[in-house]
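have a look; sequence and predicted model below, questions after that.
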Amino acid sequence: MSDPRLTPDARARRTRTLRWVVPLVIGVPLLAVLLVVTLRVSIGAGVALLVVGLAMALAGWALQARDRRRADRLAPADPALRTNPPLDVARVRALRSEGGHVAAVREVRRQAPWLTLAEAVDLSQRIG
């Protein structure tokens, strides 16, 4: 059940996280047990697989949290500026004509580093 106090972005982030955390938390121990039982791998190898898998999940979660904190720190306080930042539109258009769509998106991300890649792509397309 979703929390009504969460913003749509927070709800989407929670859903994305659950889509990979739940299978990982269930799958890694299950895989370790299957390896130990069916392939007669030592219990130590099964435990090592379990520890490595869970460490990878924890590292992925920590990296996502770090990226969210960085984006929040860099973003302006005004919500209108978060979604429609003041950009050097002429520079973005020039880079788009010279270097293509990727160069324009890269420039949008350089000027507004708090935007996600999807938001930068959308903004770059709207600039034209």
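Thanks, I have it. Quantities reported herein were computed from a predicted structural model and do not represent experimental measurements.

SS state for Thr15?
helix (DSSP: H, G, I helix; E, B strand; the rest coil).

CA atoms only: put the lowest-mean-pLDDT helix or strand in the chain into PDB for me.
Counting by mean pLDDT, DSSP states H and E, the chain has its least confident helix or strand at helix 79-83, which shows a mean of 73. Output in PDB follows, covering the C-alpha atoms of helix 79-83 (Å, rounded to 0.1, in the frame of the first residue of the first chain):
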ATOM      1  CA  PRO A  79      10.400  23.800  -7.200                       C
ATOM      2  CA  ALA A  80       9.700  25.700 -10.500                       C
ATOM      3  CA  LEU A  81      13.500  26.000 -11.100                       C
ATOM      4  CA  ARG A  82      14.000  22.400 -10.400                       C
ATOM      5  CA  THR A  83      11.900  21.300 -13.300                       C
END
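
right, and the helix or strand after that helix?
helix 89-99 (DSSP states H and E).

hang on, the earlier thing: what sits up against the least confident helix or strand of the chain?
Outside helix 79-83, the residues within contact range by C-beta atoms under 8 Å, 6 or more residues apart in numbering are 75-76, 114, 119. C-beta: built from backbone N, CA, C; applies to glycine.

mind redoing it with 7 Å?
Contacts of helix 79-83 with the rest of the structure, by C-beta atoms under 7 Å, 6 or more residues apart in numbering, involve 75-76, 114.
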